[in-house]
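In: Based on what follows, work out the 3D shape:
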Amino acid sequence: MINQIFDDSVQALYFPHNSSIILIVLSFIVLISVGLLAGILLRKQKLNNKIKLVLLSVSFIFGGIILGGVPNVVLVIQHIFADLIFPNRLVSLIIRLSIFLGLTLVFGRIFCGYVCPLGAIQEIASMVRFKTKLNYNRRYWKKKNYLRWGFFVAYAIFSAIWGLEITLFMNPINGFLILWTPLNLAIFIAFILFILTIFISIFIYRPFCRFFCPFGALAFLFGKVSPLKIRRTPYCNECGICGKICPTLESFDLSTKGECYYCNRCIDFCTNEMFIDNDKIAQINRLLTSSSLDFDATSKEKYFDTILKSIIRLIIPYKRNNGFEQLTDALRGKKDMSLEVIQNIIVRLKAIFPEEIEQLDMSNYKKWIESNESRWKEKLEPVQLDKLFYGLKKETQ
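Out: Numbering: from 1, shown residues only. Below you'll find the predicted structure:
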């Protein structure tokens, strides 16, 4: 009887506005829609920072502010351990947890990435100033799993011994409830942890998700075997840029992606426009303009070679599709380059050097690319360094 009364009080705390069924149903529909839309946009590579910020904000507003931190899977896990001696209530709790784990199994960590309100606000915070460290040590960061599972055991022990009444403060998601129960001590402590989590997220990517969240520990295991993963295409040049900028070190080729939150950073950095250097484009156009001078046949051929190599350096190896084939087709008039700014250069090049293009042997340039590839892979140019900010990138002047 006492436990039932306590369950009712927790339910009232968990849904302080549970009398508004329409609001709850509407908010859940919105949160589900956010997860589905994020998955679709990721799949089609249409997600950008502006859309991402909107989706995360919707989850934060509806799941966090309006519903007081829902879905709160951490509370479900705490509830399971707190009710171990009441097996009649465990079934419903385990079913609820299984639903979220099942979603992770099918869709990967899309829930953690875009639906969880605490995950959403951590992601937003990381977009303020978080900058990738290029010297991450993968072996060091693997040790975080000891910390993660240590906190999982702590959640289990504390919840089983003291119950939810004491351990509510351990869950920063409950910090959202400060708007509904500002005088509750446990919720106030959870709110302090919530604020600390947001602040730390500016410097360390998703600290609660990756180190302390008990559901994150389970989702890490289920995410490993999820079929929905961000994978490299056959056109990948293995330049290693995605591995350098991934905040969870999950971009290396053999990764199981169990820690991937679909932040979209690797895809964003892998698009054609990301590393197009406007200064280099201007230099190429100046070279083309200078070519109006009279050259003898030998110097004109060398001049053409310099310009073509400058174009290749502009788009290869940082272009993550069949960039060399596209360039070859554009020079031969078969198909335009996907980037208009490059295609405009090709048009000018063909007008100025028609004979050189007619006699062009692209196999020589392919060998030149291969001989310089290792040097290009190791070098990060200023235009790339300016884009290493995780979210709100620094504009290159």
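
In: Going by C-alpha atoms from here, please, whenever you check contacts or count neighbours.
Out: Noted.

In: Now do the contacts for Asn264.
Out: 42, 47-48 (Cα atoms under 8 Å, 6 or more residues apart in numbering).

In: From those, pick the one nearest Ile198.
Out: Minimum distance to Ile198 across the contacts of Asn264 is 22.2 Å, recorded for Asn48 (Cα to Cα).

In: Which residue, other than its chain neighbours, is closest to the closest one?
Out: Asp268 (7.3 Å; Cα to Cα, 6 or more residues apart in numbering).

In: just Val106 next, same as before
Out: Ser226 (5.5 Å).

In: quick one: low-confidence parts of this structure?
Out: Flagging of the chain using pLDDT under 70 yields the residue ranges 1-24, 85-87, 129-143, 233-241, 253, 270-277, 292-298, 316-322, 373-397.

In: in it, which helix has the most residues?
Out: For the chain, the helix with the greatest residue count under DSSP state H is helix 21-43.

In: contacts for it?
Out: 18, 47, 52, 55, 58-59, 62-63, 67, 107, 110-111, 114-115, 262, 264.

In: Go again with 6 Å.
Out: Contacts of helix 21-43 with the rest of the structure, by Cα atoms under 6 Å, 6 or more residues apart in numbering, involve 47, 62, 114-115.

In: Most neighbours among the residues you listed, please name it.
Out: Counting neighbours by other Cα atoms under 10 Å, Tyr114 comes out on top of the contacts of helix 21-43 with 32 neighbours.

In: which residues touch that one?
Out: Counted by Cα under 6 Å, 6+ apart, Tyr114 has contacts 35, 56, 120.

In: if you set the cut-off to 8 Å instead, what comes out?
Out: Tyr114 touches 34-35, 38, 55-56, 59, 120, counting by Cα under 8 Å, 6+ apart.

In: Just say helix, strand or coil for it.
Out: helix (DSSP: H, G, I helix; E, B strand; the rest coil).

In: what do you get for Lys257?
Out: Under three-state DSSP, Lys257 comes out as coil.

In: now swap in the one 5 residues further on and tell me
Out: For Tyr262, the reduced secondary structure class is coil; criterion used: three-state DSSP.

In: Any idea how many residues pack against it?
Out: 21.

In: Ala160 and Asn88, how far apart?
Out: 16 Å (Cα to Cα, to the nearest Å).

In: Of the contacts of Asn264, which is the nearest to Trp149?
Out: When the contacts of Asn264 are compared against Trp149 (criterion: Cα to Cα), the nearest one is Leu42, at 29.7 Å.
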